[in-house]
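*Asks:* sequence and predicted structure below; questions after.
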Amino acid sequence: MSKTNQKMIFLEYDQLKETLKEAQTVISSEIINEEQMEQVKNLIELKPAEEIGKGQCLYNAYQVANATGAKIVEGIANIQVEKEGLESTTIIKHAWNILNGNQFDITKDLVWPNLSVNLKEINYLSAEEFSKSDYILDENILKFNSQVDLMATSLKFLKTKEIILLYLNSMGLDKIFYEQLLTDCINSIKEN
């Protein structure tokens with residue numbers, strides 16, 4: 001099937017709300033000891049990808065699980081950054097760890113400080129937890145086990161809809177009419 005004939009699939013807000021749960025992380029060094037931290041530093045790539053969301057967070061979380069016995073949390077990160085006075089927000093699929101009930105993100109703590117942007121805020125939404133043995137490591141490549149890709153895309157879509165409606169409302173346009181028009185457009189896209 002060609003890309004132009006593929007249907008766009010999104011999860012509804014209620015489905016996302018049912019699956020995703022707010023999560024709080026603590027600094028990794030508060031959870032894992034110095035020896036484990038050094039082991040992890042030797043196993044992960046400390047140089048970040050060109051942009052947030054294009055890196056190795058799942059591989060990093062896997063290596064933390066390997067060194068510490070922690071579980072891997074798959075979920076969503078809503079990240080606010082600032083660069084050269086401009087702020088932006090991005091929603092990405094993401095992986096971090098949980099050990100003894102404490103969630104922590106080695107990628108945030110060791111890799112993202114090396115980015116060319118200033119991290120302003122990160123909000124985590126957890127989807128599922130997995131043990132290291134739930135993954136197959138194939139040539140240093142791992143695949144997410146949950147539907148976090150679809151969840152992140154759906155959240156971006158819902159956020160875009162919200163922004164459009166706020167803009168239309170700020171112009172004094174009939175929000176209800178345009179909300180229905182936007183919903184009709186979305187349904188048309190889903191059907192085609």
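*Replies:* Yep, it's here. None of these values were measured; they are calculated from a predicted model.

*Asks:* what about the helices in this structure?
*Replies:* Using DSSP state H, the helices of the chain run over 13-19, 34-43, 57-68, 106, 148-170, 175-191.

*Asks:* average model confidence for the longest one?
*Replies:* Mean per-residue pLDDT for helix 148-170: 68.

*Asks:* equivalent analysis for the fourth one, please.
*Replies:* Model confidence over helix 106, given as mean pLDDT, is 95.

*Asks:* who does it touch, helix- and strand-wise?
*Replies:* Applying 3 or more Cβ pairs under 8 Å, 6 or more residues apart in numbering; DSSP states H and E, one finds that helix 106 contacts helix 57-68. (C-beta placed from N, C-alpha, C; glycine too.)

*Asks:* try it again with 10 Å
*Replies:* helix 34-43, helix 57-68, strand 86-99 (3 or more Cβ pairs under 10 Å, 6 or more residues apart in numbering; DSSP states H and E).

*Asks:* so what strands line up beside the last one?
*Replies:* In its sheet, strand 86-99 lies beside strand 71-83 (antiparallel), strand 102-104 (antiparallel), with partners assigned from DSSP bridges.

*Asks:* which of the ones you listed sits closest to residue 26?
*Replies:* strand 102-104 (5.5 Å; Cβ to Cβ).

*Asks:* ok, what's across the strand from the residue nearest to residue 94 when sequence neighbours are not counted?
*Replies:* The shortest distance from residue 94 to any non-neighbouring residue, by Cβ to Cβ, 6 or more residues apart in numbering, is to residue 77 (3.9 Å). With DSSP bridges applied, residue 77 shows beta-bridge pairing to residue 92, residue 124.

*Asks:* so, low pLDDT: which residues of the chain?
*Replies:* Within the chain, the stretches with pLDDT under 70 are 1-16, 49-51, 53, 157-179, 181-182, 185-192.

*Asks:* is residue 71 in contact with residue 131, as I believe?
*Replies:* Yes: the pair residue 71 and residue 131 qualifies as a contact (Cβ atoms under 10 Å) at a distance of 5.6 Å.

*Asks:* which neighbours do the two share?
*Replies:* Contact criterion Cβ atoms under 10 Å, 6 or more residues apart in numbering; residues shared by residue 71 and residue 131: residue 65.

*Asks:* and residue 151, how far from residue 106?
*Replies:* According to Cβ to Cβ, to the nearest Å, residue 151 and residue 106 sit 22 Å apart.

*Asks:* who has more neighbours out of those two?
*Replies:* Set side by side, residue 151 and residue 106 show more neighbours around residue 106, with 26 against 23, by other Cβ atoms under 10 Å.

*Asks:* what number of residues lie near residue 74?
*Replies:* 22.

*Asks:* hmm, residue 21 and it touching each other?
*Replies:* No: counting by Cβ under 10 Å, residue 74 does not reach residue 21; the two are 12.0 Å apart.
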